[in-house]
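Student: Sequence first, then the predicted structure, then my questions.
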Amino acid sequence: MTDSLISSAYSQALEVIASVEPRIAEATRQELADQRSSLKLIASENYASPAVLMTMGTWFSDKYAEGTVGHRFYAGCQNVDTVETLAAEHARELFGAPYAYVQPHSGIDANLVAFWSILANRVESPYLQKMQAKNVNELTEADWETLRHEFGNQRLLGMSLDAGGHLTHGFRPNISGKMFHQQQYGTDPETGLLDYDAVAAKAREFKPLVLVAGYSAYPRRVNFAKMREIADEVGAVLMVDMAHFAGLVAGKVFTGEEDPVPYAHLTTTTTHKSLRGPRGGMVLAQEEFAADVDRGCPMVLGGPLSHVMAAKAVAFAEARQPSFQTYAQKVADNAKSLAEGFLTRGANLVTGGTDNHIVLLDVSSFGLTGRQAESALLDAGVVTNRNSVPADPNGAWYTSGVRLGTPALTTRGFGHEEFDTVAELIVDVLSNTEAGTTKAGGPSKASYVLGDGVADRVTKQSADMLDKHPLYPGLVLS
Ligand code: PLP
């Protein structure tokens with residue numbers, strides 16, 4: 001697609017929007033300007049292609065299509081069937097998965113579909129037998145009571161939030177921590193690394209129905225063959241949430257025992273992080289779970305977002321190109337450059353480095369909380385998010401860490417040199433920031449004082465790099 005086509009398409013779309021609600025058109029323009037002029041280091045974000053973005057803005061948004069391909073609860077779904085079939089086909093090919101369910105609206109939805117599929121598939125209950133016979137209406141009140149009891153008494157073992165797991169991996173305040181009896185595994189207190197023997201010991205003792213692997217803030221690779229061995233030993237279902245690193249799997253950076261798809265009974269993901277697609281979710285399943293996953297609607301979901309499924313198909317088609325493998329490798333290489341940039345400047349990293357797309361910076365050596373560091377960095381145009389470190393003394397709100405990721409800036413074309421400079425700029429900001437005080441004069445975990453001139457200095461240096469690697473080059477809004 002030529003630059004002028006993309007430029008005129010977006011310019012005209014914004015005019016159409018402005019004719020109804022100019023403030024939304026203005027906010028949309030401003031968001032592009034802000035994204036263009038800041039260093040986006042949020043590990044879960046990326047920049048989808050214009051083709052992916054444009055696919056989301058169509059009349060597929062107007063169509064209801066509850067059900068599955070060829071088996072819908074609404075008339076007129078022939079084109080949605082085409083879209084869903086193509087998205088699922090691309091997903092199966094991309095990940096080498098026996099089955100792909102592309103309807104989940106987000107990562108959390110995908111995980112809920114997976115949880116309920118596991119319950120439906122593995123828990124002996126009248127529900128299971130009657131659903132298989134398609135006569136769920138025959139369930140009596142007593143059956144439902146048994147069902148609630150049986151489904152509500154299952155166990156889940158997942159990675160704890162402060163070790164890098166996600167809310168949906170059994171965190172108490174999340175539904176996953178309430179619908180299951182849960183226990184959490186952490187990382188080795190010395191190394192910060194996953195300790196498979198400790199996970200196995202916990203699994204043997206707890207005997208979970210579901211073992212969840214995957215993470216949001218763990219800067220290392222996971223051996224999924226080992227996780228499957230643990231699951232098999234205790235009779236658990238292995239569910240891998242690859243939301244963060246799906247792009248590294250699709251791009252063949254994670255292969256063999258680091259590729260979860262052949263080992264997990266169910267693999268869930270988002271499609272908008274390192275995979276660089278539209279905002280959404282997906283479940284990949286081994287054949288034995290396919291029929292259960294297909295019941296995502298009505299189990300958990302309502303009408304699928306057909307426009308987003310269409311954009312997933314486009315993004316997966318992009319990810320099947322050889323250029324995506326080059327991109328994914330660069331994401332991992334750049335994370336190493338960023339980590340080395342910090343280590344050579346004396347900063348502390350959780351696990352001492354990275355071998356995926358995440359760098360978890362422990363900011364306590366700068367005398368700051370994660371919240372203070374995040375805010376000071378934002379003042380200098382560096383967009384990050386604060387994150388707990390293992391056994392974080394500052395808890396999940398203030399934290400002691402800042403999570404950084406390379407997928408977005410790699411999409412802009414940043415390489416080794418630029419990521420080394422990014423580390424230099426971040427260290428510059430943090431070493432020139434002091435923790436503030438509360439109104440009462442005590443130490444504050446939120447307020448901070450950024451040294452004079454630091455924000456300007458850093459913004460100027462980032463602007464040089466950002467100008468050299470423009471976001472959506474050629475896209476000029478009139
Ligand atoms: N799973 C993991 C590992 C994640 O990191 C996230 C998002 O941060 C999710 C699930 C949830 O994804 P979403 O925000 O699309 O619901």
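Tutor: Here it is on my side, so go on.
Student: residue boundaries of the helices in the stretch 201-350 of the chain?
Tutor: Remark: helices of the stretch 201-350 of the chain, listed N- to C-terminal, are 224-234, 246-250, 287-293, 296-299, 306-319, 322-344; assignment by DSSP state H, counting those that start in this stretch.
Student: Can you tell me which residues in the stretch 251-400 of the chain are near the ligand?
Tutor: Counting by CB under 6 Å from any ligand atom, the positions of the stretch 251-400 of the chain adjacent to the ligand are 270, 281. (Each C-beta comes from the backbone N, C-alpha and C, glycine too.)
Student: which one's the longest strand in this protein?
Tutor: Looking across the chain with DSSP state E, the single longest strand is strand 443-450.
Student: rank the helices of the stretch 201-350 of the chain by mean pLDDT and give me the bottom one.
Tutor: The stretch with the lowest average pLDDT out of the helices of the stretch 201-350 of the chain is helix 296-299, scoring a mean of 92.
Student: For the ligand, what's its nearest residue on this protein.
Tutor: Here the chain gets closest to the ligand at one residue, residue 107, 2.3 Å apart by CB to the nearest ligand atom.
Student: just checking, next helix/strand downstream of the lowest-mean-pLDDT helix or strand in the chain?
Tutor: For the chain, the helix or strand with the lowest mean confidence is helix 126-132, at a mean of 65 (criterion: mean pLDDT, DSSP states H and E). Going down the chain from helix 126-132, the next helix or strand is helix 141-151, by DSSP states H and E.
Student: C-alpha coordinates for stretch 10-25, CSV please?
Tutor: Once non-C-alpha atoms are left out, stretch 10-25 reads as follows in CSV (Å, rounded to 0.1, in the frame of the first residue of the first chain):
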residue,chain,number,x,y,z
TYR,A,10,-6.8,8.4,7.5
SER,A,11,-7.1,12.1,6.7
GLN,A,12,-10.6,11.5,5.2
ALA,A,13,-11.6,9.2,8.0
LEU,A,14,-10.7,11.9,10.5
GLU,A,15,-12.8,14.4,8.6
VAL,A,16,-15.8,12.1,8.7
ILE,A,17,-15.3,11.6,12.5
ALA,A,18,-14.8,15.4,13.0
SER,A,19,-18.1,16.1,11.2
VAL,A,20,-19.9,14.3,14.1
GLU,A,21,-17.7,14.7,17.2
PRO,A,22,-14.6,16.9,16.5
ARG,A,23,-13.2,16.3,19.9
ILE,A,24,-12.8,12.6,19.2
ALA,A,25,-11.1,13.4,15.9
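Student: which parts of that stretch are buried?
Tutor: Within stretch 10-25, the residues that qualify as buried by neighbour count (16 or more other CB atoms under 10 Å) are 10, 14, 17, 25.
Student: With stretch 294-305 instead?
Tutor: By neighbour count on 16+ other CB under 10 Å, the buried set for stretch 294-305 is 294, 295, 296, 297, 299, 300, 301, 303, 304, 305.
Student: Show the pLDDT at the nearest residue to the first one once chain neighbours are set aside.
Tutor: Just to be clear, that refers to residue 294. Nearest residue to residue 294, sequence neighbours excluded (CB to CB, 6 or more residues apart in numbering): residue 68, at 5.4 Å. Reported pLDDT at residue 68 in the predicted model: 96.
Student: ok, now residue 142?
Tutor: In this model, residue 142 carries a pLDDT of 86.
Student: do the one 5 residues further on as well
Tutor: We note a pLDDT of 84 for residue 147 in this prediction.
Student: Report how many residues lie close to it.
Tutor: Here the count is done by other CB atoms under 10 Å, and residue 147 has 18 residues near it.
Student: Wait, a strand at residue 404?
Tutor: Yes: going by DSSP: H, G, I helix; E, B strand; the rest coil, the assignment for residue 404 places it inside a strand.
Student: Beta-bridge partners for it, please?
Tutor: Here residue 404 sits in beta bridges with residue 359, going by DSSP bridges.
Student: For it, give me its contacts.
Tutor: Going by CB atoms under 8 Å, 6 or more residues apart in numbering, residue 404 touches 41, 43, 338, 358, 359, 360, 361, 384, 426.
Student: Tell me, how many residues neighbour the fifth one?
Tutor: Here the count is done by other CB under 10 Å, and residue 359 has 33 residues near it.
Student: which of the contacts of residue 404 tops the neighbour count?
Tutor: The member of the contacts of residue 404 that has the most neighbours, counting by other CB under 10 Å, is residue 359 with 33 neighbours.
Student: quick one, what contacts it?
Tutor: Here residue 359 is in contact with 219, 335, 338, 339, 342, 349, 403, 404, 405, 406 (criterion: CB under 8 Å, 6+ apart).
Student: how close does it sit to residue 345?
Tutor: 13 Å (CB to CB, to the nearest Å).
Student: Repeat that for residue 64.
Tutor: For residue 64, the distance to residue 345 - CB to CB - is 54 Å.
Student: what do you get for residue 334?
Tutor: 17 Å.
Student: So these two - more neighbours on which side?
Tutor: With other CB under 10 Å as the criterion, residue 334 and residue 345 differ in neighbour count, and residue 334 comes out ahead with 25 against 14.
Student: Find me whatever residue is spatially closest to the more buried one, sequence neighbours aside.
Tutor: For residue 334, the nearest residue in space outside its immediate sequence neighbours is residue 406; the separation is 4.2 Å by CB to CB, 6+ apart.
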